[in-house]
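In: here's a sequence, model it:
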Amino acid sequence: MTASLREQFSDSTLRARVLDDALQVLDAEVASKSGLSGMAIKATFGIVKGIGAGFLRTVLDKLFDDFIGCFEEPYQRAVQAGKSPGAFVAEEKTTIAGRLLGITDERVRRAGSGAILKAYEKLRPAAQKHVEDAAPRLGGLLDRHAKRS
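Out: Coordinates of the predicted model:
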């Protein structure tokens, strides 16, 4: 069996590269949004980024292990099938998006920040679709950093 994603990404150098890449994926996803919902996402993202230097990276690092767990099953199946893990992420985007959002829902509730909770609650109804839309970029991140055997 291939090493789990958690085991692979426990290497601090690789983890730092994955986090850097994840932040770029997030920036690209936000930048790609358009229309009124896109404006709301971009405004909220700007508020979150404005909280402080490195805030978003710190949050992502705290969520990292839980997030990686959402990708483990499709990743292992892809490796066993000799396929791209990113392709499996795209195929299972609805399930993965639901799992990722379940994690963020819980964390935001426990965060204790009224501003973050308020902003999150405004965007949450459309979040499933937006996270599903991010599947190709998330799959690409997995393809770039995870071992395939």
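In: and the helices in the chain, which stretches?
Out: Here the chain has its helices, by DSSP state H, at 5-8, 12-32, 35-50, 55-81, 85-91, 93-111, 114-133, 135-145.
In: pull the residues that contact stretch 23-42.
Out: Residues outside stretch 23-42 that contact it (CB atoms under 8 Å, 6 or more residues apart in numbering): 45, 56-57, 60, 122-123, 126, 130, 133-134, 137-138, 140-141. Placement of C-beta: from N, CA and C, glycine included.
In: the same query, at a cut-off of 6 Å, please.
Out: Stretch 23-42 has contacts (CB atoms under 6 Å, 6 or more residues apart in numbering) with 45, 126, 134, 137, 141.
In: count of residues packed around the last one?
Out: Using other CB atoms under 10 Å, the number of residues around residue 141 comes to 20.
In: hmm, residue 21 and it touching each other?
Out: Yes - using CB atoms under 6 Å, residue 141 is in contact with residue 21, at 5.4 Å.
In: just the buried positions in stretch 50-67, please.
Out: 56, 59, 64, 66-67 (16 or more other CB atoms under 10 Å).
In: and for stretch 104-122?
Out: Neighbour-count burial for stretch 104-122 flags 104, 108, 116, 119-120 (criterion: 16+ other CB under 10 Å).
In: closest to residue 92 out of those residues?
Out: residue 104 (18.0 Å; CB to CB).
In: check contacts around residue 22.
Out: Contacts for residue 22 (CB under 6 Å, 6+ apart) come out as residue 60.
In: make it 7 Å
Out: 60, 141 (CB atoms under 7 Å, 6 or more residues apart in numbering).
In: just give me how far stretch 141-149 sits from the chain centre.
Out: With CA atoms, centre = their mean, to the nearest Å as the basis, stretch 141-149 stands 15 Å off its chain's centre.
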